[in-house]
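Q: Take this sequence and fold it.
(2 chains)
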Amino acid sequence: MNQYIDFYSEVRDTIAARSCAEMNAGREAALQTFSAQGFPSPKAERYRYAKVEADFSPNYGIALTPLGGQLPPYCFRIADAEPRVRVLYNNVADTTDSIVALNTMLCVDTLVVHVPRGVRVEHPIQISNLLKGEQDTMVCRRILIVMDKLAEADVIITERAASQSRFLTNQVVEVVMGSGSHLSLYEIEETHLLCTRYNSVFVQQGRDSHLHHTSLTLFNGHTRNRLDVRLQGEGSEVTANGCVIADKMQRVDNNTLIDHQVPHCQSNELYKYVLDDSAVGAFAGKVLVREGAQKTVSQETNANLCVTRSARMYTQPMLEIYADDVKCSHGSTVGQMDEAALFYMRQRGIDEKEARLLLKAAFITEVIENIPLESLRDRLHVLVDKRLRGELSKCEGCKLCK
Amino acid sequence: MSEKNSFVREVAERKYEYGFTTDVQTDIIEKGLSEDVVRIISQKKGEPDWLLEFRLNAFRYWLTQEQPTWGHLKIPEINYQDISYYAAPSSPLGGKEGGIDPELMKTFDKLGIPLEERMALAGTAVDAVMDSVSVKTTFREKLREKGIIFCSISEAVREHPDLVREYLGSVVPYKDNFFAALNSAVFSDGSFVYIPKGVRCPMELSTYFRINARGTGQFERTLIVCDDDAYVSYLEGCTAPMRNENQLHAAIVEIVVKERAEVKYSTVQNWYPGDSEGKGGVLNLVTKRGHLRGRDSRLSWTQVETGSAITWKYPSCILSGDGSQAEFYSVAVTNNYQQADTGTKMIHIGKNTRSTIISKGISAGRSQNAYRGLVKVTSTADGARNYSSCDSLLLGSKCGAHTFPYMDVHNDTAVVEHEATTSKISEDQLFYCNQRGISTEEAVSLIVNGYAKEVINKLPMEFAVEAQKLLGVSLEGAVG
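A: Numbers count the residues shown, from 1 in each chain, chains lettered A, B, ... in the order given. Down below sits the predicted model:
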């Protein structure tokens, strides 16, 4: 922990010089939060399954480069965004969280996606993050998505690694959705075993807004995804889907909070995990229905497939309800493959390996089929198939995997 | 609406039926907790050295611990030095039958507990515990013929020290948690049951607990050992007088189930819940755990929780015997300002172990009702199977219902399922009943009873009737 505080004290001025006023404003408070709390221990309820201390302890170089290159339409560096958008920075995120505080302390630039009132963005906006470098590196990344009234857009955030160094990503995404806006947000991670990713997404939804969030962890090292959605406008809806394919020593932790603050909102969660080898999966999803948030409809499902004995799954679907006129349900299962289905396929001449693969792919398909964007759906079917066949996990120069 | 409101008020003002105190001479020791107090308790009970040592170890451990805060509860601060840790009705046992203090007898009569002839009809053997001391155990002779031991734990310490020494603390060690350590240090009495090999206990065994004296806590300890191929059904009931201050109840129940044995443990908990303003009431902080040690052993927990200001307990099962089966059936009702954080833990260790969890929460008034449960399947538990279902029913817009299930699965052959729903009584259901001439109050009572039936059906007959009555009292007024 101290390494980060020391580093910050050293480069404080450099960071401030490279950044804008809105971002610099919150740094000292963040430093205080971070120094006071340190890294959350596994005793903290929301970090039960993450090994934060261990994940952050290696000695990483810290990247302090502002955004470069040409930005696609509707995307800006924070300094170039409209002032009313800039002030939203750090207003949606949970500033009491020390991982977010660390990000606020060290982040140099913010990518702003701003879709103005009534605009429907035809092509998906893709934000590709490529981790590359010879040195072990920590990246603090910040994205702010602002959807004005009635705006519509698809945003895809991908995380890839192009070299075999250790990487640690600490990404914070803030989303503000105006009334009647629609956003489909996809996050796809395909990194490698040495990558650690802390991703915190905070969403604030206005009246009648629709969010479709999909988080796909196809290949990774250690990943923790946090999704906090605050439904603040009546009639707003959120669909949060996720799928995880993990093997070897991979660890994936999805932690979600859907906060129903007003009446007539809907939430729908579906998370599916396929765990092989010694992978560890965790899912903790809380649906909070505040007092007065009547007519809430909420459904939360988490289904998991453990393929080997050493794979582990922790699941915790939680409901916290303070209103009486609601329909909330959750379901969660951990199981293995259906022997009858396997037998059926083998009877018809499909070999066992292929049959198992088909079953795994079918299990994941439910999440992919929920994706509204057709081209992405097709691509993901291919990616999942490749992943299950072990083609994605082939790391550069590695002779261990088949 | 106004009619409804008046009914609600009427029921809310209904008094807790068991809220009387009995004027029995009581031997209470000074308030406060220290090593000396532990020694005094042990001395008063004439305990052997090993037990004193056990208590002192627990006490020293307790000193190093802090009261846990993770529950979804607002617990009023408990001043552990302001409680008397030993209260006993003086000379409760007169030696021969009928020698009980008549006042005491009246108490149990008022509670409807059949201590004398009536029990012959009810066919239940009873151990009654008032404040800290077991006052009477019935039917002992008849049970002794079969080799069954059913007596107070202090008696068991005297008469069957080997058994008690072997099993005491073997399921809930004193280091288990804060309240378990406290109980281990100061427990005053409780029940002890031993069912020998191959014996089917011919009657229901039952314990009634009552807190009577002011400013005391109740720390009883129940130990049930069911040997190979034996069977026992055990009931537990409890009441307390109405007091403005909170009373602490920190008990431990330990159950050992050996090969092919079966234990059914049923609780109807009706401690004083506090008044309609949330003042007073019993803090029910209990550790209950069963260890299914033998092959194909079975344990079933059934609980109906209607009382207590705060209920914080998780009757649990450790399924280490291969093929063992555990069940947990619970109805938890909270009204007014009551709070409950209850559920179960199922730890699967043996192969082909099965567990079922059925939990029904009903919250009304301004109460908070939480289910918290853990299902853990270790890597040795091949073929483990769990099914959990927890439903919550909300009656009123100021109350809360929460579900916090934890599932840790470390085995690929395990199948674990969990489902939960939260809803209120639908307008359709009410309308249907109204249409057929059933008043709204009755309809709610019908629907709630139907909702809880799955659990109530698991209770032994005598208790089922009592539980149904309790549900009626706690809920009828909560419509709206």
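
Q: Name the residue of the stretch 51-200 of chain A that lies nearest to chain B.
A: Residue nearest to chain B within the stretch 51-200 of chain A (Cβ to the nearest Cβ): A:K51, separated by 15.8 Å. Where you see a C-beta, it was placed from the backbone N, CA and C, and this is true even at glycine.

Q: which ones are touching that residue?
A: A:42, A:222, A:251 (Cβ atoms under 8 Å, 6 or more residues apart in numbering or on different chains).

Q: Correct me if wrong: the first one contacts A:A54.
A: No: counting by Cβ atoms under 8 Å, A:P42 does not reach A:A54; the two are 10.4 Å apart.

Q: And the residue of the stretch 51-200 of chain A closest to chain B, how close does it get to A:R251?
A: 8 Å (Cβ to Cβ, to the nearest Å).

Q: what is in contact with these two at once?
A: With Cβ under 8 Å, 6+ apart as the test, A:K51 and A:R251 both reach A:H222.

Q: quick check, nearest of the contacts of A:K51 to chain B?
A: Taking these together and measuring to chain B by Cβ to the nearest Cβ, the closest member is A:P42, at 12.9 Å.

Q: Model confidence for that closest one, exactly?
A: Note for A:P42: predicted pLDDT of 82.

Q: roughly how far apart are the spatially closest residue to it that is not a sequence neighbour and A:G331?
A: Spatial nearest neighbour of A:P42, excluding adjacent residues (Cβ to Cβ, 6 or more residues apart in numbering or on different chains): A:R48 at 5.6 Å. Between A:R48 and A:G331 the distance, using Cβ to Cβ, works out to 21 Å.

Q: same check, this time on A:D154
A: 29 Å.

Q: These two: which is more packed in?
A: A:D154 (21 against 16; other Cβ atoms under 10 Å in any protein chain shown).

Q: Domain map for chain A?
A: A:2-336, A:338-394 (automatic domain parsing).

Q: Out of those domains, indicate the one that is most buried.
A: Stretch with highest mean neighbour count among the domains of chain A: domain A:2-336 (a mean of 20; mean count of other Cβ atoms under 10 Å in any protein chain shown).

Q: Please compute how far the host helix or strand of A:A362 lies from its chain's middle.
A: Assessed by DSSP states H and E, A:A362 sits inside helix A:352-369. A distance of 23 Å separates the centroid of the chain from that of helix A:352-369, by Cα atoms, centre = their mean, to the nearest Å.

Q: before we move on, what about stretch B:40-48?
A: Distance of stretch B:40-48 from the chain centroid (Cα atoms, centre = their mean) equals 26 Å.

Q: next one: stretch B:362-379
A: 16 Å.

Q: Can you tell me, leaving aside adjacent residues, what's nearest to A:L31?
A: Spatial nearest neighbour of A:L31, chain neighbours left out: A:M105 (5.4 Å); criterion: Cβ to Cβ, 6+ apart.

Q: Am I right that the one you found is in contact with A:M23?
A: No: distance between A:M105 and A:M23: 10.3 Å, which falls outside the contact criterion (Cβ under 8 Å).

Q: Show the residue spans covered by the strands in the stretch 51-200 of chain B.
A: Under the criterion DSSP state E, counting those that start in this stretch, the stretch 51-200 of chain B contains strands at B:87-89, B:124-130, B:133-137, B:149-152, B:191-195.
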